[in-house]
Every structure is written in structure tokens, then in C-alpha cells.
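Colleague: here's a sequence, model it:
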Amino acid sequence: VETEGSYVSQTNYTSLDIHVGQSYSVLVTMDQNATSDYYMVASARFVNTTVWANVTGVAILHYTNSKGPASGPLPDGPNAYDQYFSLNQARSIRWNLTAGAARPNPQGSFHYGQINVTQTLLLRGSSPTINKHLRYALNDVSYSSPSTPLKLADYYNLTG
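Modeller: Residues are numbered from 1 along each chain as shown. The predicted structure follows:
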């Protein structure tokens, strides 16, 4: 089980938020009643629901000994605008540092599990228009290259 190419600890979820640009490899446990197949649904969140309400991907999870097709309504996902569900789920995904990880060396051992988390950062991306130009920003901070390269400005003690 991995996210973005890194092994993560195995955790059970009934739904999984995957945001734009993210990739996950998952194992699906098929331990339900095998008398019929089951739906698996992918739907959009944090979007204009009047435009995206009918955009849903549906897959069928099929048991080899199934006696009938999937039936009934599609399963409900989490609240489409519940950002706390999404944030808490993202916080619950942890690297598995023992799978394929570096091994202890003679100078010491790795003790990543004993490190206390003391700060959490939330980054918000946006694309404001600044001086009639589309810019990209993190937490409302945008960068634009200065007219004089920074190394030259530093070397010649230029300000501004």
C-alpha cells in the first residue's frame, strides 16, 4: 500500500479522498456477503455541485461465486463539502518507515516513531490576478522574479 510512491501503514477506510495530482495504490478487502456483486464509486468533492452532480465513476466489485449483479442505489460518499473529514483523513495516513526503509547504521538507529509532532502546516493554493497577470500563490503569497537576479543584487549590494 503506497501513496505518491512511498509505503504507508495499512489502515481501513470506507471512503478515500484522492485530490487532484495525488496517486494511491490500495488493497480492497472483499469480505462482504458474496451472494451479489458490489459497487465502488468515485465522485467529485469541493466542486460546484450543479455542474458536477452527475459526474460519477462506478466500478463493479465482482465475486467469482456471485449469484447476481450489483443492485440498489449507489453508496453515499462523505459530505461533499466537509473539509474536516478530508483533512483528518489526510492526517491519518502515515509513512511505513519499516517497509523498504534504510537500515540502522553503526552510528545509531532510526527512531522516527518517537518524534513528537509539534507543528502542522496547512497550505492553501490559489490563482489570483495581480497587476492584470494570473499568478499562483500559497497562503496568499505570490512570488515574481525581480528584474535583477538575486545573486547579482546581493554581490553589488543593490536594494529594492
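
Colleague: what's downstream of the one helix or strand Val51 maps to, the next helix or strand?
Modeller: Using DSSP states H and E, Val51 maps to helix 49-52. Next along the chain after helix 49-52, taking DSSP H and E as the criterion, comes strand 56-61.

Colleague: other SSEs contacting that following strand?
Modeller: Contact partners of strand 56-61 among helices and strands, from 3 or more CB pairs under 8 Å, 6 or more residues apart in numbering; DSSP states H and E: strand 38-43. All C-beta spots, glycine's among them, are computed from the backbone N, C-alpha and C.

Colleague: pairing partners for the strand it packs on, with directions?
Modeller: If you go by DSSP bridges, strand 38-43 pairs up with strand 56-61 (antiparallel).

Colleague: relative to His19, how far out is Arg45?
Modeller: 9 Å (CB to CB, to the nearest Å).

Colleague: give me the common contacts of these two.
Modeller: Taking CB atoms under 8 Å, 6 or more residues apart in numbering as the contact rule, Arg45 and His19 both touch Ser86.

Colleague: residues in contact with the helix or strand bottoming out on mean pLDDT in the chain?
Modeller: The helix or strand of the chain with the poorest confidence is helix 49-52; it has a mean of 72 (mean pLDDT, DSSP states H and E). Applying CB under 8 Å, 6+ apart, the set of residues contacting helix 49-52 from outside is Ala44, Ala80.
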